[in-house]
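[1] have a look at this fold, sequence not included:
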């Protein structure tokens, strides 16, 4: 009987493709969303609405970011005369990029190479050491409970809020009393302290390393060092790379600290060295080497750009860690 009723209902349902006889009521029309009728999906968090003002603002930020880089690349191809006579955002008649690079590396007995090696030393020792300390400290603060933990948290947050320039003079006086000024240690030791890196690793380790996994390793008889190096450290790789990149950029671009700590040109980093080349044009009898300054500035940013491109998949995931709570 049920089958008969279903068959009768199906037969009584009008086919929209068949012409409707006169006097027959029209079948009810089921309305569809306007976005579906036009073939577009409704706006959701996964399909956001396009914003013209936001697009224009993003374009302005992109231009503001890339314009100095474009100016640097273009003017690094010019000679000294072309640099002064031509338009800054277009090439000159001559193309001297390779000659400028050679002259930059060999000028003044190759002092640029010496400054580059000094910068690599400061980055390897300072930024590398800061990353190691941040990883160890952040992991300990995130996974161990000990007296004074809240006080350490307050000190770290306070240290993040203090600008480095405010500590430059006290640091200089302290290192001067210890006889460490005008030495590489005056740049390396202050670079080992990274409150922001410590805080970032603290937050990252709290989310990236499950406490249950550590407890399971301890139950299996694994020591704390073995647990850290075999279980926790591989999980901390994205955060570690992020802290390393931040520390590298801060040390590579550091200017004020070496300026007050180092007076010997043989220990200059690239930032101080290029500034010395720029200042020698203003001295009596000094040679103007603006073309070498521009080319040296281009060579200075190449390693940082290369490192960011090679490690971008790590630092992007490290920055996004903790943004979604499970």
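    Now that the structure is in, tell me what you want to look at. Here the structure is a predicted model, which means the values were calculated and not measured. Numbering: from 1, shown residues only.
[2] show me the helices in the stretch 201-326 of the chain, by range?
    Ranges of helices within the stretch 201-326 of the chain are 211-219, 224-227, 233-235, 237-252, 256-261, 270-280, 290-310, 312-320, based on DSSP state H, counting those that start in this stretch.
[3] and of those helices, who's closest to residue 67?
    Smallest distance to residue 67 across the helices of the stretch 201-326 of the chain (CB to CB): 14.4 Å, for helix 290-310. (C-beta placed from N, C-alpha, C; glycine too.)
[4] in the closest one, what counts as buried?
    291, 292, 293, 294, 295, 296, 297, 298, 299, 300, 303, 307 (16 or more other CB atoms under 10 Å).
[5] wait, the fifth one touches residue 106, no?
    No. Under the criterion of CB atoms under 8 Å, residue 295 makes no contact with residue 106, lying 12.0 Å away.
[6] residue 165 is nearest to which of the helices of the stretch 201-326 of the chain?
    Short answer: helix 256-261, nearest of those by CB to CB, at 6.0 Å.
[7] show me what the closest one packs onto, helices and strands only.
    If you count contacts as 3 or more CB pairs under 8 Å, 6 or more residues apart in numbering; DSSP states H and E, helix 256-261 packs onto helix 168-178, helix 185-191, helix 270-280.
[8] and it, what's its mean pLDDT?
    What helix 256-261 shows for mean pLDDT is 92.
[9] so where's this protein uncertain?
    1-41, 43, 45-46, 284-286, 315-326 (pLDDT under 70).
[10] ok, 50 please
    Within the chain, the ranges that satisfy pLDDT under 50 run 1-13, 15-18, 21-23, 27, 35-36, 322-326.
[11] and stretch 118-126, what's buried?
    118, 119, 122, 123, 125, 126.
[12] other residues contacting it?
    Under the criterion CB atoms under 8 Å, 6 or more residues apart in numbering, residues 184, 187-188, 190-192, 247-248, 251-252, 254, 267-271 lie in contact with stretch 118-126.
[13] about what we covered before: residue 152: which of the helices and strands packed on helix 256-261 is closest?
    Nearest of the helices and strands packed on helix 256-261 (CB to CB): helix 185-191, 20.0 Å.
[14] once you drop chain neighbours, what's closest to residue 226?
    In this structure, residue 226 finds its nearest non-sequential neighbour in residue 217, 7.9 Å apart by CB to CB, 6 or more residues apart in numbering.
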